[in-house]
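Here is the input, now give the coordinates:
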Amino acid sequence: MGTAVQSGGRDVPGSFASWWRGRYGRKLLVEIAIVAGLLILYRSIRMFTRSDLRTAFANAREVISFESWLGLPFEDNLQQFLLDHPTIIKFLNHYYIWFHFPSAIALLLWLYLRHEHEYRPVRNLMAFVTFAALVIHLVFPLAPPRMMAGFVDTMRQWGPNIYPPNALDGAANQIAAMPSLHFGWAVIEAIAVITVLNSRWRYVIIVHPVLMALAIIGTANHWWADAAVAGVLVVGAIGVYRLARAWIGDRRWSWTKFRFQTSAGIEQLEAHANESSGEPDDAVADVSSDETTVDDALVVAAPRHPDDDEHGPLAS
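Just a heads-up that it's a prediction; the model follows:
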């Protein structure tokens, strides 16, 4: 008597096995490990070029020249205006610190717990943009405005100050100004909230990247060009993702067969195997009952539109 081929076993509701296989067990631990690993790798890679001060200052002068050529070197004018309002400066100092990592972690937790289908695209977008930024940090170290003459380090003067006086000390790479991940992540967070929510109030989140742009420039931690490059990375990453989803569709990469396969094709193959073994239809759980041949089951189905099985800010 043959054995039915099934997509997976069923756990007793309320059991440890059911919890472990659910979204709050193994999956959540894996996601925490992935995010923690990415953060550790991010901090480690940023350390590689933090001692290349000569190149960083030379690149800063090139950025100033480029902005002057465009007729848009307004960082010093903006900061001079804000310096006349210490309360605003202090607010932007705190915003720069407390709405970077904390807001990114809060977004990912909110999506995972409340909007699971949108979580993975946003996580992948943040990871892609972050590591694209790291490559730029490695090949183009850049000193921020606060290290240049004519600018005030507002965090050192009014606090809270998270950077040591010596750029070579501490755990942060102070010459990794371009692109600004503070601004890039803020844009991603705004896109995610606007895409996921249906409330008319969802557009209030646009205030977040606007305030972050004021914070990074007003505190002299970034040039406006740093924010522009971050914005280009985000838009480019979304475009690449949509093209990839349109080509891949509902296919998934099989490491055993080294090719893309669809979930429907795998289920059809399981159904055919069960029919060939002589098992009755009701002995097969969670498997399509449509008749098919082995050759048909192995054929990769035509890709569906990404909206059929993928939602979120990256879906077209």
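
mind giving me the domain split of this structure?
When the chain is parsed with automatic domain parsing, its domains come out as 21-248, 251-300.

Mean pLDDT for those - can I get that in CSV?
Converted to CSV, those look like this (pLDDT from 0 to 100):
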stretch, mean pLDDT
domain 21-248, 89
domain 251-300, 56
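
Same list (the ones you listed) but as TSV, adding mean neighbour count.
From N, CA and C alone the C-beta is placed, and that goes for glycine too. What follows is those, written out as TSV (neighbours: other C-beta atoms under 10 Å):
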stretch	mean neighbour count
domain 21-248	17
domain 251-300	14
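
Phi and psi next, for P160.
Dihedral angles of P160 (phi, psi; degrees, to the nearest 10) stand at phi -70, psi 140.

if I look at it, how far off is E62?
Distance of P160 to E62, given as C-beta to C-beta, to the nearest Å: 31 Å.

the helices in this protein, which residues?
Ranges of helices within the chain are 16-21, 26-45, 53-70, 75-83, 86-98, 101-114, 116-139, 154-158, 181-196, 207-218, 224-248, 263-276, 294-298, based on DSSP state H.

M147: which of these is closest?
With distances scored as C-beta to C-beta, the stretch of the helices of the chain nearest to M147 is helix 53-70 (7.4 Å).

And the closest residue to H100 other than its chain neighbours, how close does it get to L211?
Once flanking residues are discounted, H100 sits nearest to H182: 5.2 Å by C-beta to C-beta, 6 or more residues apart in numbering. The gap separating H182 from L211 is 11 Å, by C-beta to C-beta.

With adjacent residues omitted, what lies nearest to L211?
Nearest to L211 is Y95, by C-beta to C-beta, 6+ apart, at 5.7 Å.

For that neighbour, list the residues it contacts.
211-212, 215 (C-beta atoms under 8 Å, 6 or more residues apart in numbering).
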